[in-house]
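Colleague: Build the 3D model from these lines:
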Amino acid sequence: MGKNQHVTPYSGGGFQVKGAGNSRATKVFDTQREAISFARDIAKNQQSELFIHNRTGQIRERNSYGNDLYPPRG
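Modeller: From the prediction side, this is the model:
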């Protein structure tokens, strides 16, 4: 299982994608939609989780692409 990915506001404007525990952004985007798409691909590849933060920094959405403790019944 890889590092969880976080989409957060970037101090210079736009949004950044950061791996959990990293001090530097993996990549910076103009829009949150672009950042989410990029981070989702990484999270799927690494079988980790994706955390999407709003402009104030609070987590607004969380998606698991790895070992989900509570998978949906199907």
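
Colleague: quick one: strands adjacent to the worst-scoring helix or strand of the chain on mean pLDDT?
Modeller: Lowest on mean pLDDT, DSSP states H and E among the helices and strands of the chain sits strand 59-64, with a mean of 94. Take DSSP bridges as the rule and strand 59-64 pairs in its sheet with strand 49-53 (antiparallel).

Colleague: Centre of the chain to the strand it pairs with, how far?
Modeller: Centroid separation between strand 49-53 and its chain, computed with Cα atoms, centre = their mean, to the nearest Å, is 4 Å.

Colleague: 42 is where my numbering starts, stick with that
Modeller: I'll keep to 42 as the first residue from here, and by that count the last item is strand 90-94.

Colleague: Pull the residues that contact that strand.
Modeller: Contacts to strand 90-94, defined as Cβ atoms under 8 Å, 6 or more residues apart in numbering, come from residues 45-50, 73, 77, 80-81, 84, 100-107. All C-beta spots, glycine's among them, are computed from the backbone N, C-alpha and C.

Colleague: Work out for me the element the closest residue to Tyr51 other than its chain neighbours sits within.
Modeller: Sequence neighbours aside, Gln57 is the residue nearest to Tyr51 in space, at 4.2 Å (criterion: Cβ to Cβ, 6 or more residues apart in numbering). Element membership of Gln57, judged by DSSP states H and E, is strand 56-60.

Colleague: what angle sits between that strand and strand 90-94?
Modeller: Interaxial angle, strand 56-60 versus strand 90-94 (axes from the mean of the first three to the mean of the last three Cα atoms, to 10 degrees): 150 degrees.

Colleague: what comes into contact with strand 56-60?
Modeller: So strand 56-60 is contacted by 43-51, 65-73, 75-76, 79-80, 83 (Cβ under 8 Å, 6+ apart).

Colleague: swap the cut-off to 10 Å and go again
Modeller: With contacts defined as Cβ atoms under 10 Å, 6 or more residues apart in numbering, strand 56-60 is touched by 43-51, 65-84, 87, 89, 91-94, 96.

Colleague: Thank you kindly, that will do.
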